[in-house]
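Undergrad: turn this into a structure:
(one chain, ligands or ions: 1)
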Amino acid sequence: MNIGVFASGRGSNFQAILNAIQGGALPARVTLLLSNKSDAGAMEIARSCSIPAVHLSQKQFPDEAPFAAAMLSVLKAHDVQLIALAGYLKKIPAIVIREYRNRILNIHPALLPSFGGHGMYGHAVHEAVIASGAKLSGATVHLVDEEYDHGPILLQKSVPVEAGDTPETLAARVLTVEHEIYPLALKAFVENRVTIHERSAWIH
Ligand code: GRF
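TA: Numbers count the residues shown, from 1 in each chain. Below is the predicted model:
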């Protein structure tokens with residue numbers, strides 16, 4: 001299966017996906033890395049692995065329709081069958097979500113449905129978890145629909161929130177489980193072991 005990874009930042013989840021593929025744990029190919037940031041670390045990783053790295057930003061277009069059309073044409077040109085959002089900070093145009101319904105995954109650095117939604121990314125998430133007094137956080141892989149962090153949950157793994165945690169220490173603990181569960185969720189998808197019914201998604 002051909003995966004297109006979308007990333008805006010350093011790309012450690014992208015790297016974890018590539019490692020899983022290289023180690024034989026994920027039977028797939030990454031045929032595209034798309035970023036809204038030309039200088040994203042993920043773009044560098046792609047270039048160093050000879051994976052097509054495409055910079056595509058809404059700012060290059062007058063409005064959403066031509067941007068979405070360009071995104072679809074890039075996806076088609078690289079024969080992308082499954083999209084993995086890995087720290088992609090922009091909303092996916094609705095037309096792309098329709099075209100790839102139930103074939104777009106995202107990883108979120110907390111246990112959804114808590115601590116998600118618009119503006120909940122990066123340190124804001126971990127700050128909110130610590131401020132809430134929650135004793136568990138973790139990572140969530142979910143399907144992407146038209147709302148931020150809202151589609152069916154596919155896989156989660158928790159980590160403890162420890163006394164004295166800062167957003168940085170908690171983020172680091174969560175990131176290790178992100179790197180573990182994202183390739184696993186993608187593998188289940190690639191192997192056709194995912195059943196989706198309304199708001200429920202299950203791995204068999
Ligand atoms: C991760 O914490 C992920 O959960 C969130 O964005 C961050 C991306 O980190 N969606 P990286 O670029 O993969 O290192």
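Undergrad: what distance do you get for the closest residue in space to D149 that isn't next to it in sequence to the ligand?
TA: In this structure, D149 finds its nearest non-sequential neighbour in G116, 3.1 Å apart by Cβ to Cβ, 6 or more residues apart in numbering. All C-beta atoms are positioned from the backbone trio N, CA, C, and that covers glycine. Plainly put, G116 is 10 Å away from the ligand if you go by Cβ to the nearest ligand atom, to the nearest Å.
Undergrad: for G116, what are its contacts?
TA: By Cβ atoms under 8 Å, 6 or more residues apart in numbering, G116 lies in contact with H108, A110, V125, T140, Y148, D149, H150.
Undergrad: okay, now the closest residue to the second one other than its chain neighbours: neighbour count?
TA: Looking back up the chat, that one is A110. Distances taken as Cβ to Cβ, 6+ apart put V125 closest to A110, at 5.0 Å, once the chain neighbours are dropped. Close neighbours of V125, defined as other Cβ atoms under 10 Å, add up to 23.
Undergrad: which SS class is V125?
TA: Classification of V125 by DSSP: H, G, I helix; E, B strand; the rest coil places it in helix.
Undergrad: who's in contact with H118?
TA: H118 neighbours (Cβ under 8 Å, 6+ apart): Y148.
Undergrad: and for the one 5 residues further on?
TA: Taking Cβ under 8 Å, 6+ apart as the contact definition, H123 lies against P167, E168, A171.
Undergrad: got a list of what the residue of the chain found nearest the ligand touches?
TA: Relative to the ligand, the nearest point of the chain is G87 (2.6 Å; Cβ to the nearest ligand atom). Listed by Cβ under 8 Å, 6+ apart, the contact partners of G87 are A7, S8, G9, R10, G11, N13, F14, A42, I107.
Undergrad: can you tell me which of those residues are in helices?
TA: N13, F14, A42 (DSSP state H).
Undergrad: which non-adjacent residue is nearest the last one?
TA: In this structure, A42 finds its nearest non-sequential neighbour in G11, 3.0 Å apart by Cβ to Cβ, 6+ apart.
Undergrad: residue contacts, the one you found?
TA: Counted by Cβ under 8 Å, 6+ apart, G11 has contacts A40, G41, A42, M43, E44, I45, A46, A86, G87.
Undergrad: if you set the cut-off to 7 Å instead, what comes out?
TA: By Cβ atoms under 7 Å, 6 or more residues apart in numbering, the residues touching G11 are A40, G41, A42, I45, A86.
Undergrad: what's the pLDDT at the nearest residue to the second one once chain neighbours are set aside?
TA: In this structure, G41 finds its nearest non-sequential neighbour in R10, 3.8 Å apart by Cβ to Cβ, 6+ apart. We have a pLDDT of 97 for R10.
Undergrad: re the thing from before, I'd like the contacts of G116 laid out as a markdown table, including pLDDT.
TA: As requested, those are exported to a markdown table (pLDDT from 0 to 100):
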| residue | pLDDT |
| --- | --- |
| H108 | 98 |
| A110 | 98 |
| V125 | 98 |
| T140 | 98 |
| Y148 | 92 |
| D149 | 94 |
| H150 | 93 |
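Undergrad: among these, which are in reach of the ligand?
TA: Contacts with the ligand within the contacts of G116, as defined by Cβ under 6 Å from any ligand atom: H108.
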